[in-house]
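# the sequence and its predicted three-dimensional model are supplied below.
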Amino acid sequence: MLTKGAKPMRRTLTGFAAAGLAAVLVLGGCGSEDDPADEATTADPATESSTEDGAAEATTEAEMAVPELLDFTATTLDGEAFEGASLAGSPVVLWFWYEDCPICQSQGPAVASLIESEGDRVAVVGVSGAGLSGTSSADEMEAFVSDTGTGDATHLQGEDGELWTRFGVASQSTYVLLDSHGEVVDSGSFSADDLEEKVADLS
């Protein structure tokens with residue numbers, strides 16, 4: 001037999017249960033509203049990094065555009081392909097020579113000394129010619145490089161005259177000095193002291 005106090009107690013417990021369920025639903029609703037907002041405003045670090053890297057690469061490529069004078073291909077005395085673009089970004093000394101030219105032969109020690117002192121900063125490139133007789137064999141040109149002690153320089157085949165014309169060279173024993181932007185700074189047949197002084201000023 002139920003007492004009079006039983007019914008009010010059941011109603012009270014039922015009320016507490018309903019209130020608790022309502023509180024859980026309210027808290028759950030608040031959590032679900034916060035999550036999408038957090039996802040929408042949080043940036044993806046990987047995406048940001050990719051965008052920044054792409055912008056940096058584009059800037060670097062624009063800065064490293066190949067100067068017109070250096071946009072050429074050639075072949076070394078060893079028969080290897082050579083890209084003028086590889087010279088971009090550093091000062092360059094081009095040495096135009098004939099293997100049977102006495103003045104060119106006398107310039108060898110100055111060029112060898114230049115390579116030793118400035119080779120880490122300046123690219124030294126020899127450009128062969130057809131020779132005073134109009135013909136020079138590969139063996140003769142290789143002997144010239146060996147005899148002048150300039151084997152540490154890159155030497156290009158230039159007998160067809162194309163590179164000579166590109167750099168405005170009309171005669172052998174001529175140096176052409178380019179700055180790091182690929183612009184001709186000076187050219188001529190310099191003494192050893194003049195060559196050293198002029199190259200020291202290249203940047």
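Structure received.
# which pLDDT value belongs to the residue lying closest to residue 127 once chain neighbours are set aside?
Closest residue to residue 127 in three dimensions, ignoring its sequence neighbours and counting by CB to CB, 6 or more residues apart in numbering: residue 158, at 4.1 Å. From N, CA and C alone the C-beta is placed, and that goes for glycine too. For residue 158, the pLDDT comes out at 96.
# again with residue 62
Per the predicted model, pLDDT is 42 at residue 62.
# how about residue 37?
In this model, residue 37 is scored at 47, pLDDT.
# also the one 3 residues further on?
Per-residue confidence (pLDDT) for residue 40: 47.
# re the thing from before, wait, isn't the residue nearest to residue 127 in contact with residue 76?
No - applying CB atoms under 8 Å, one finds residue 158 not in contact with residue 76, separated by 10.7 Å.
# for this protein, what spans make up the strands?
Counting by DSSP state E, the segments of the chain that form strands are 73-75, 81-83, 92-97, 123-128, 154-156, 174-178, 184-188.
# save the ones you listed as CSV, and put in mean neighbour count too.
Compiled in CSV, the strands of the chain are given as follows (neighbours: other CB atoms under 10 Å):
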stretch, mean neighbour count
strand 73-75, 13
strand 81-83, 13
strand 92-97, 25
strand 123-128, 24
strand 154-156, 20
strand 174-178, 23
strand 184-188, 15
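# can you tell me how far the nearest residue to residue 109 once chain neighbours are set aside sits from residue 191?
If you skip the residues right next to it in sequence, residue 109 has residue 149 as its closest partner in space, 6.8 Å away by CB to CB, 6+ apart. Residue 149 is 18 Å from residue 191, where distance means CB to CB, to the nearest Å.
# now for residue 107, how many residues are close by?
When neighbours are counted by other CB atoms under 10 Å, residue 107 registers 25.
# quick one: contacts for it?
With CB atoms under 8 Å, 6 or more residues apart in numbering as the criterion, the residues that contact residue 107 are 95, 97, 148, 173, 192.
# what's the farthest-apart pair in those?
When CB to CB is used, the two most widely separated members of the contacts of residue 107 are 97 and 192, lying 15.0 Å apart.
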